[in-house]
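J.: what's the 3D shape of this:
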Amino acid sequence: MPIWIPIAVTAALFQCWRTAMQQKLRGQMSVNAAGFVRYLYGAPMALVLFTIALSVTEQPVPTPNPTFLMWCAAGGLFQILATNLLIMSFGYRNFAVGTAYSKTETVQSAIIAMVILGEVLNPFAWIGIVVGLIGVMTLSLAGRGLNVAALIQATIQPAALCGLSSGLIFGFTTVFIKLANIALPGESLVVRALFALVVTNGMQVMMQGAYLLWREPAELKKAFTSWRTSMWVGTLSACGSACWFTGFAIADVALVRAVGQVEIVFTLLFSRFYLKETLKPGDVAGLVLVVFGVLLIIVLH
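T.: Below is the predicted model:
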């Protein structure tokens with residue numbers, strides 16, 4: 001099994017776990033502040049992971065160049081914007097549609113990577129991506145009474161537009177991160193990926209921190225006073241990003257994102273066995289489709 005597959009699965013697990021922890025913050029602070037703690041408390045953990053990688057590989061610290069820094073800045077900014085758009089989609093009435101359309105990120109990432117990076121996937125990979133997308137949307141819409149016709153009609157609604165935009169910008173984010181890794185000299189892919197994470201996290205702290213200081217100073221204070229919860233959100237975010245960045249450095253971004261759709265499987269397992277919630281038939285159908293799509297990619301690519 002290629003190493004990028006367990007890396008992508010681990011990234012999805014950390015992301016699911018981080019989302020569960022971040023739920024505690026959403027009622028306490030603004031959208032920007034809740035996003036900011038990911039980078040503020042994630043930056044120290046990213047630095048620790050990078051230091052460990054340097055020690056294990058005995059590689060020197062990579063030398064950044066203007067191209068690398070440009071792509072890190074672009075990736076960091078786009079990740080902030082995509083996250084805010086996704087949270088905005090939840091504020092509209094049609095929550096289900098916004099969530100479902102945001103999951104088009106995998107397909108959009110594949111198209112963007114094909115155009116910009118020249119990454120060409122075989123037909124089985126595309127089939128797996130589409131099957132997984134259908135499964136994710138089935139899970140997002142289960143029990144909410146939306147059929148295909150209603151879903152198409154809902155595309156012009158604000159929630160759907162925010163969701164689609166979020167997926168699009170997340171797609172560009174993954175490509176920018178890979179371009180940053182490509183621009184960085186060095187023998188170790190892991191060291192380069194973690195160095196990109198350290199630099200990107202640092203830029204995100206400065207970008208979103210400056211915005212909060214300018215427009216939401218009271219929320220900036222909350223980001224520091226909520227450290228007991230926020231530190232875990234940041235730690236899990238850094239670990240997940242470390243896996244994502246490493247996966248993007250090793251394999252095609254679309255494949256990594258497609259396998260990472262197992263995040264929704266972890267979410268359902270958490271819901272069933274921790275929260276003791278009952279799975280609906282639509283949940284089971286969507287779960288099967290997601291797993292089948294990931295298996296198609298792993299086995300046949």
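J.: tell me where the stretch 101-250 of the chain has helices.
T.: Applying DSSP state H, counting those that start in this stretch to the stretch 101-250 of the chain gives helices spanning 105-116, 123-141, 148-153, 158-183, 189-215, 217-225, 227-250.
J.: in the longest one, what counts as buried?
T.: Read it as helix 189-215. By 16 or more other C-beta atoms under 10 Å, the buried positions in helix 189-215 come out as 189-205, 207-209, 212. Using the backbone N, CA and C atoms, a C-beta is placed for each residue, glycine as well.
J.: so where's the stretch 151-300 of the chain uncertain?
T.: Residue ranges of the stretch 151-300 of the chain with pLDDT under 70: 151-156, 159, 270-272, 274-283, 300.
J.: for stretch 254-264, list the C-alpha coordinates in CSV.
T.: What follows is stretch 254-264 as a C-alpha-only set of coordinates in CSV (Å, rounded to 0.1, in the frame of the first residue of the first chain):
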residue,chain,number,x,y,z
ALA,A,254,-7.1,14.8,-6.0
LEU,A,255,-6.3,11.3,-4.8
VAL,A,256,-5.3,12.4,-1.4
ARG,A,257,-8.5,14.5,-1.0
ALA,A,258,-10.6,11.7,-2.3
VAL,A,259,-9.3,9.1,0.2
GLY,A,260,-9.6,11.8,2.8
GLN,A,261,-13.4,11.6,2.3
VAL,A,262,-13.3,8.8,4.9
GLU,A,263,-13.5,11.7,7.4
ILE,A,264,-17.3,11.5,7.1
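J.: which one of the helices of the stretch 101-250 of the chain lies closest to Leu25?
T.: Checking the helices of the stretch 101-250 of the chain against Leu25 by C-beta to C-beta gives helix 227-250 as the closest, at 6.2 Å.
J.: okay, the residue in the chain sticking out farthest from the centre: pLDDT?
T.: Within the chain, Glu58 marks the point farthest from the mean C-alpha position, 29.5 Å out by C-alpha atoms, centre = their mean. On the pLDDT scale, Glu58 is placed at 91.
J.: cool, Tyr92 as well?
T.: 64.
J.: need the contact list for the nearest residue to Ala73 once chain neighbours are set aside.
T.: Nearest residue to Ala73 in three dimensions, chain neighbours excluded: Met203, at 5.4 Å (C-beta to C-beta, 6 or more residues apart in numbering). Met203 sits next to 72-73, 76-77 when contact means C-beta atoms under 8 Å, 6 or more residues apart in numbering.
J.: what's the most distant pair in the residues you listed?
T.: Longest span within the contacts of Met203, C-beta to C-beta: Cys72 and Leu77, 9.6 Å.
J.: between the two, who's got more neighbours?
T.: Cys72 (28 against 18; other C-beta atoms under 10 Å).
J.: which SSE is the more buried one in?
T.: Take DSSP states H and E as the rule and Cys72 turns out to sit in helix 66-90.
J.: which elements pack onto that helix?
T.: helix 31-57, helix 95-102, helix 158-183, helix 189-215 (3 or more C-beta pairs under 8 Å, 6 or more residues apart in numbering; DSSP states H and E).
J.: what packs against the third one?
T.: By that I understand helix 158-183. Helix 158-183 sits against helix 66-90, helix 95-102, helix 105-116, helix 189-215, helix 227-250, helix 253-259, with contacts defined as 3+ C-beta pairs under 8 Å, 6+ apart.
J.: ok, 10 Å please
T.: Under the contact criterion of 3 or more C-beta pairs under 10 Å, 6 or more residues apart in numbering; DSSP states H and E, helix 158-183 touches helix 66-90, helix 95-102, helix 105-116, helix 148-153, helix 189-215, helix 227-250, helix 253-259.
J.: out of the ones you listed, which one sits most buried?
T.: helix 253-259 (a mean of 28; mean count of other C-beta atoms under 10 Å).
J.: so who does the closest residue to Ala43 other than its chain neighbours touch?
T.: What sits nearest to Ala43 in space, not counting adjacent residues and going by C-beta to C-beta, 6+ apart, is Asn201, at 4.3 Å. The contact partners of Asn201, by C-beta atoms under 10 Å, 6 or more residues apart in numbering, come to 38-47, 72, 76, 234, 237-238, 241.
J.: how about 7 Å then?
T.: 39, 42-43, 46 (C-beta atoms under 7 Å, 6 or more residues apart in numbering).
J.: if we can go back for a sec, in JSON lines: the helices of the stretch 101-250 of the chain, plus distance to Leu25.
T.: Formatted as JSON lines, these follow (distance: least, C-beta to C-beta, whole Å):
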{"stretch": "helix 105-116", "distance to Leu25": "23"}
{"stretch": "helix 123-141", "distance to Leu25": "22"}
{"stretch": "helix 148-153", "distance to Leu25": "31"}
{"stretch": "helix 158-183", "distance to Leu25": "19"}
{"stretch": "helix 189-215", "distance to Leu25": "14"}
{"stretch": "helix 217-225", "distance to Leu25": "9"}
{"stretch": "helix 227-250", "distance to Leu25": "6"}
